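Q: Here's my sequence, what's the structure:
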Amino acid sequence: MGDIDYDKLSEQLTDAATPLPEPHNVRTGAAAGREFLLGEYGGETAVNRAMRRGCPRVGASS
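A: Purely as a prediction, here's the structure:
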């Protein structure tokens, strides 16, 4: 893959007359989100640890 022409890309992304490509591999729903998180974090324990850190459960000890 060659160098990216960022000026040209910027023009394309901000030009309302430039059509967007058709979406592909779009996934929705809770199952897709869960699968994504498990893939990103590597497992249920890691996902729970990351979520707990940012959003503690009510009544959870610090």
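
Q: I'd like to know how far the residue positioned nearest the centre of the chain sits from Pro19.
A: In the chain, the centroid-proximal residue (C-alpha atoms, centre = their mean) is Phe36; its distance is 8.4 Å. Separation of Phe36 from Pro19 (C-beta to C-beta, to the nearest Å): 28 Å. For glycine as for every other residue, the C-beta is placed from the backbone atoms N, C-alpha and C.

Q: repeat for Val47
A: Taking C-beta to C-beta, one finds Val47 at 37 Å from Pro19.

Q: Asp5 too?
A: Distance, Asp5 to Pro19, by C-beta to C-beta: 19 Å.

Q: list the helices and strands the worst-scoring helix or strand of the chain on mean pLDDT packs on?
A: Using mean pLDDT, DSSP states H and E, helix 44-54 stands out as the lowest-scoring helix or strand of the chain, at a mean of 80. Contacts defined by 3 or more C-beta pairs under 8 Å, 6 or more residues apart in numbering; DSSP states H and E place helix 44-54 against helix 30-41.

Q: mind exporting the helix it packs on as CSV, just the C-alpha atoms?
A: Extracted in CSV, the C-alpha atoms of helix 30-41 (Å, rounded to 0.1, in the frame of the first residue of the first chain):
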residue,chain,number,x,y,z
ALA,A,30,-25.8,-7.3,22.4
ALA,A,31,-24.2,-10.6,21.2
ALA,A,32,-22.0,-8.8,18.7
GLY,A,33,-21.0,-6.3,21.4
ARG,A,34,-20.1,-9.0,23.8
GLU,A,35,-18.2,-10.9,21.2
PHE,A,36,-16.2,-7.7,20.3
LEU,A,37,-15.4,-7.0,24.0
LEU,A,38,-14.3,-10.6,24.6
GLY,A,39,-12.0,-10.4,21.6
GLU,A,40,-10.6,-7.1,22.6
TYR,A,41,-10.0,-7.9,26.2
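
Q: Check which residues of that helix are buried.
A: Leu37 (16 or more other C-beta atoms under 10 Å).

Q: Distance from the chain centre to it, please.
A: Computed by C-alpha atoms, centre = their mean, to the nearest Å, the separation of helix 30-41 from the middle of its chain amounts to 10 Å.
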